[in-house]
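A.B. asks: give me the fold of what follows.
(chains A and B)
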Amino acid sequence: MSKRKKERAEAADGIAAIEEEVERLVGEKRYDEARATIDAISEPSVRLRQLRGLALARLGLAREARRTLAALRDEGHVDGETLGILGRTYMDWYDRTGRVALLRRSRDLYAEGFRLEPEKSYCGINAAAKSALLGDDEAAERFLKDVEKALEIERSILEEAGRSVDYWWLATSAEAMLLRGAVAEAAKEYRRAVRLAPRDLGSHGTTWLQAKRILNVRNASPDERALVARVFRDLVDADPALEVTRPPTRRIRAFALDPTASRARETAGLNEVTLRVPWEADAAGKSTLSAGPVGEYVEVIDHDPANDCFYEPVDLDEPALLAADGLDPAEGDPRFHQQMVFAVAMNVVGSFERALGRRALWSARRVRDEDGRVRRSEYVQRLRVYPHALREANAYYSPERKALLFGYFQAESDHPSIAPGAMIFTCLSHDVIAHEMSHALLDGLHPRFAEATNRDVLAFHEAFADLVALFQHFSHPGVLEHEIARTRSDLGAENLLGQLAQEFGRSIGRHGSLRDAIGRVDERTGEWRRREPDPGALLGTDEPHERGAILVAAVFDAFLSIYRSRIDDLLRIATQGSGILAPGELHPDLVKRLAKEASTAADHVLRICIRALDYCPPVDITFGDYLRALITADVDAVPDDRLHYRLAFVEAFQRRGIYPGDVRTLSEESLVWRPPRNHDVDLTSLFAPGAGIEPEWRQTSDRRELWERMRQNARTVHRWLRTSCSGPMAEEIGLAISTDAPKSVFRRHGRPTIEVHSVRLARRGTPLGETRTDFVIEILQRRRGYLDEETQARVDAEGPEHADDHGDFVLRGGCTLLVDPETCRVRYAINKHILSAGRLRRQRAFLGGGDGSLRATYLGDAGRGAGVREPFAMLHRPIEEREGTS
Amino acid sequence: MTKRGSRAAGKKRAKRTASGAPAASPAAERMGAPESGVTVRMYRAGLGDCFLLAFRRTDGDPFHMLIDCGVHSQVRGGNDRARRIVEHVRATTGGRLDVVVVTHEHGDHISGFHAARETFASMEVGQLWFGWTEDPADPLAKRLDRARSLMLRGAGAAARALGADGGAAAGIGSLLSFFDAGSLDGGLGVSSRAVRDGILDLCPEPPLYLRPKQAPLSLPGVDGVRIFVLGPPEDVRSLMRARPSSRPGEVYHEPDHALTPDEALSVALLGADGGGLGPTDRIEAAAPPFAGNFRLAADIVKENAERYAFFHRSYGFGEGDELAWRRIERDWCVPGESLALKLDAATNNTSLVLAIELMATGKVLLFAGDAQVGNWHSWHDGGWSEANGLARGETVDATDLLRRTVLYKVGHHGSHNATLKTRGLELMTSAELAAMIPVDETWALDRRPYPWKMPFGPLYADLRRRTGDRILRADVGLVEPDGRKPAAWRAFERRVDVRDLYVDLDVPDA
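C.D. replies: Modelled structure (predicted):
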């Protein structure tokens, strides 16, 4: 053999080995690895390229899959396999959009494949089934006949080779029977197939999906459906009698508030809650939560660097713990801390997912090179939680590490509920955990949202996190009923529900809780007093927590008036119409009903607050913006506001002096965000099939896939802005993208740069009760800002002197667009214009302000502007170092 | 606008000072006694306090009082400057100081006592005045001393542990520089505490440890001058923390042996640095959060990759490996910065605050050291009456003293947090009010990575307004009004003598 020939033969051997390897990977559903293996080869074979298409299709990257396969077809590699996979991708596309043209396309591709290889049943059965779905019974019949022939041929080939029919053969045969209407026979044939490969759950899923479609199109009776369904319901276990339904949730015990409530006799019995978090499991229902706990969203790693040690992770799957809903609440066992922090964290994730109607994602990790420039973004699956990371009265979310750091410290208090010198753990405070989780989830939604560019930004973050923590209280029936009974239904009086972080507050020497939405304890007299709304209060303070408290109080007020309007009738019923409660204790049934109303109202208000996040500007938020977001989001979610929730919000905000700067009246109509005014931005080309955003409606269960799609869509929007969006159109939505934009706007290759931050889905209801899905698109630009106005004018006109002149500060601007893909129109454009002179001036004044504290004297103003390493660490340090101002 | 104007002026002057223009004149003029009242001399030490006061004895000779003598440790050539100043003090006083007042333990107030210790040794000191917080016989002062010493070491350890982690470590270093009495080039490397203790040797008499609201002091041989002690407060909470006590009339009842949270953190930090206390001490002193059997020592976890696979997989121990970006080894040391800030505030709050009254006119000179909010507030607790040294029927309180203040030595080089607004500056309503600011603004703004805001813009503007521009600064000298010079300012100017090394102001008691 000549040398070259030998090399070629070896290469061919190599390829064959790789093909085998990739086939195995695809078989094991390791699509990512399969794709990576193929992409590493410079000249993949036709088979490998087919497999790549398959892997991509299975990964949900339909467009790229189609591109790969279409290229193969165009090069003349037309065979059944290629066309079959291509057909499948169109079928997936059809599933998502319901567009019949795609179904027809799919059928035609299968038909073409079957024509080329009539001895193979795979393309044929699909062509037949799709024809049936199209209502083209004639064609279906024609294909079926040929499929039956092909099945015969395949069986004879298998038998000649000494083998019997396999799963796919049986499934195809069964499907053919089903198409012919022989449901009972089909069910038997399906059962044979399933018995043959009981563990091949992925294939069963595909088969069952196809069977369901056929049953639907053939108008099968419920009995017939049940017959087939039963085959597939038996999948998990061969013997249906022994099957155990997989639990929807896992129960985990935790403190309802924090350990202090257990030490008070009055609340001791109520302070334990059993939280229900999703049962994280694989397709077979087996738990995937591992020791740590480490789950799909959160990983608890218990390292205590101040003590130079680790603590053994808790394994919630241990039978003893499964049986007892986890460990007993105990302050002295770090494993209980891990358990509680995990459970509460997952609970908060659940609140967000329910409100937003989609999976929660953490913000991407920005991997930087040595010069600090962002090189790439990486998907971060899990938020890390360190329950004992710090030895101080502090806890914070670290955006850099995608981690929550909780501290512990010795109490400094003379409050009777706290032993002097007792160790206080922030990770045992329900409120602190919920608060920090909210920061992390918020960062996952809007990556630039926390940059303090005006005095409301940090205050908003604090307030929002407090609100989430507050309304979590209403999901614990024990405490809720207790407090309703104690206050005799008046939740506007002093009560635990409106207070945050009792233990923490007292341990740092305060008299009461850390924060209180309704009132405050006078530090001198020790008495609690209700805080009356003061419309001037906002003008009086710049301190983030004080400003935040005003927003919290406003939302809590809205909640109280909603709650009161919900219980009016109950009180009248309970008092023979007088509405005035008789002295003495309330009837326990009444307490339960009141608690239910409170809990419903709290749930609604929290949902409204979270949903509003999709309607916020991408940067530089003010309280007024948030009010508009709240109202707009609620108009979209519940078009018919029969219970006057929105009115409650507007009134409450008004009483606290929170107004949007840009509306004339506080009516609902004027508060709702508007579409762009002058140019009706037409986004048809953005949604063009094949080239535009893929409307991936389905809520995929794979969060990484969701993330990838989001990025893919972001790239599409970016391209669209570059190629199809005109200068005036861009200006309308807050951007400056043409080359004549001020030179202070950051550029690349002479053109202003644009960041598309997120393209995500937001569901809304229509007045007719339908559910629609909008796209939320966030677009940002950067501009150099200078403290000196003359420099600003010069750089605006002439550009910076050096490329590495990044200005005295960075002004970000842009917009959040809510786009209806059906009409291809922008429903709302919420912009913070990059060219706004007012914003530039305000940010300049804000950054120049400084609070004059001792810290500011020596260390600059922590937390102002961009580039702060741990923006939340300082904000959460409760310490007296804030001394100084008088 | 005002701010920009003044800053530019500061720059010009500072350059001149930095070039070393003020030459020590060996034949310094003797600082004689004023006709009446007092002459106040502010030495232009840069960032640092050094005041020499001359009163008139009944026999016509001058009575000299020195309040502080220091240059910030990071001022280049600071030791030399301090020595020149002290040399001048000796020459101008003839080698006798009737009273030496030490306000608090920061290098920028006391470094000169060390740098020029030989000169001081050749001088005669009549009396030494300290705040009660420096009294080794006072149990509370001892406790404070321990806390401050632990916090100082803890913050230092944090800075070392954070090491390469730029920002925070530099911030701590910047704050702790106040506790270093050796200057950059002098390299004396002496702690301010050692310097404070060394001052005791200057005077054979035992020092006076002064308490707020004690009977007013008089100066031996001088008539018509009374000195009211306003601070440091005797309430620990006012000293160590800003938040007011949670209940009125409450006593601080921390057992003597227990560590405060700040001390506990400091002890733990000392452990991280490996210095100071050994690991066992550390565990015992800074109580561990859990019983020992829960603890898996980090080095054991690190060595047993198999047994502790979970931590090796999730946390990792390899230098710069792909898990490194999420590790949290040093984060807990960052509060060292808060510790340093609190320590700074706590030390500033131990400032001895004196209100010097010229009895004929009732004028008051307020020397506030670097007192911060807690200290200022405490002035208003109680007052003076017959019970503490006044004549029958006479009463004096802080509001009264502030109202009569004609010269305010601005606290802490003009930073915002050392001049109380409503219960402080706003009460200084005398039409004659003037201010002295021992500051070097250019130098302060040159601090890296964090420029110091000294003087703080809004406060400085307020001072200019309230004093009608009657302000003397160490860097600028006499501050000129914008535009027309009012007659009152001209009259003030006539009482001022600006030299390269110092600025004099006469405050007559007539």
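A.B. asks: quick one: the helices in the stretch 251-400 of chain B, in order.
C.D. replies: B:261-272, B:279-285, B:298-303, B:309-314, B:336-349, B:373-379, B:398-403 (DSSP state H, counting those that start in this stretch).
A.B. asks: chain center to the fourth one, what's the gap?
C.D. replies: Yep, that's helix B:309-314 we're talking about. In this view, helix B:309-314 has its centroid 50 Å away from the chain centroid, taken as C-alpha atoms, centre = their mean, to the nearest Å.
A.B. asks: who's in contact with it?
C.D. replies: When contacts are defined by C-beta atoms under 8 Å, 6 or more residues apart in numbering or on different chains, helix B:309-314 is touched by residues A:291-292, A:294, A:299, A:301, A:303, A:310, A:313, B:301, B:305, B:323. For glycine as for every other residue, the C-beta is placed from the backbone atoms N, C-alpha and C.
A.B. asks: let's see it at 10 Å
C.D. replies: A:290-292, A:294, A:299-303, A:310, A:312-313, A:315, A:382, A:384, B:296, B:298, B:301-302, B:304-306, B:317-318, B:323, B:326 (C-beta atoms under 10 Å, 6 or more residues apart in numbering or on different chains).
A.B. asks: render the CA-only coordinates of that helix in CSV, please.
C.D. replies: Presented in CSV, the C-alpha positions along helix B:309-314 are these (Å, rounded to 0.1, in the frame of the first residue of the first chain):
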residue,chain,number,x,y,z
ALA,B,309,-14.8,15.0,47.1
PHE,B,310,-17.8,17.3,47.4
PHE,B,311,-15.7,20.3,48.4
HIS,B,312,-13.0,19.5,45.9
ARG,B,313,-15.6,19.3,43.1
SER,B,314,-17.6,22.4,44.1
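A.B. asks: that one - what's its average pLDDT?
C.D. replies: For helix B:309-314, the mean per-residue pLDDT is 92.
A.B. asks: show me what counts as buried in that helix.
C.D. replies: Residues of helix B:309-314 classed as buried: B:310-312, B:314 (neighbour count, 16 or more other C-beta atoms under 10 Å in any protein chain shown).
A.B. asks: and the residues you listed, which is closest to A:His806?
C.D. replies: Each of the buried residues of helix B:309-314 was scored against A:His806 by C-beta to C-beta, and B:Ser314 proved nearest at 36.5 Å.
A.B. asks: nearest residue to whatever residue of the stretch 601-750 of chain A ends up closest to chain B other than its sequence neighbours?
C.D. replies: In the stretch 601-750 of chain A, no residue comes nearer to chain B than A:Arg704, which is 17.4 Å away by C-beta to the nearest C-beta. Taking C-beta to C-beta, 6 or more residues apart in numbering or on different chains, and ignoring the residues beside it in sequence, A:Arg704 has A:Tyr379 as its nearest neighbour in space, at 5.5 Å.
A.B. asks: and stretch B:300-308, C-alpha only, in PDB?
C.D. replies: Taking C-alpha atoms only, stretch B:300-308 is exported to PDB below (Å, rounded to 0.1, in the frame of the first residue of the first chain):
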ATOM      1  CA  ILE B 300      -7.700  18.400  56.200                       C
ATOM      2  CA  VAL B 301     -10.400  18.900  53.700                       C
ATOM      3  CA  LYS B 302      -7.900  20.100  51.200                       C
ATOM      4  CA  GLU B 303      -5.600  17.100  51.700                       C
ATOM      5  CA  ASN B 304      -8.200  14.400  51.500                       C
ATOM      6  CA  ALA B 305      -9.600  14.800  48.000                       C
ATOM      7  CA  GLU B 306     -11.400  11.500  48.100                       C
ATOM      8  CA  ARG B 307     -13.100  11.800  51.500                       C
ATOM      9  CA  TYR B 308     -14.100  15.400  50.800                       C
END
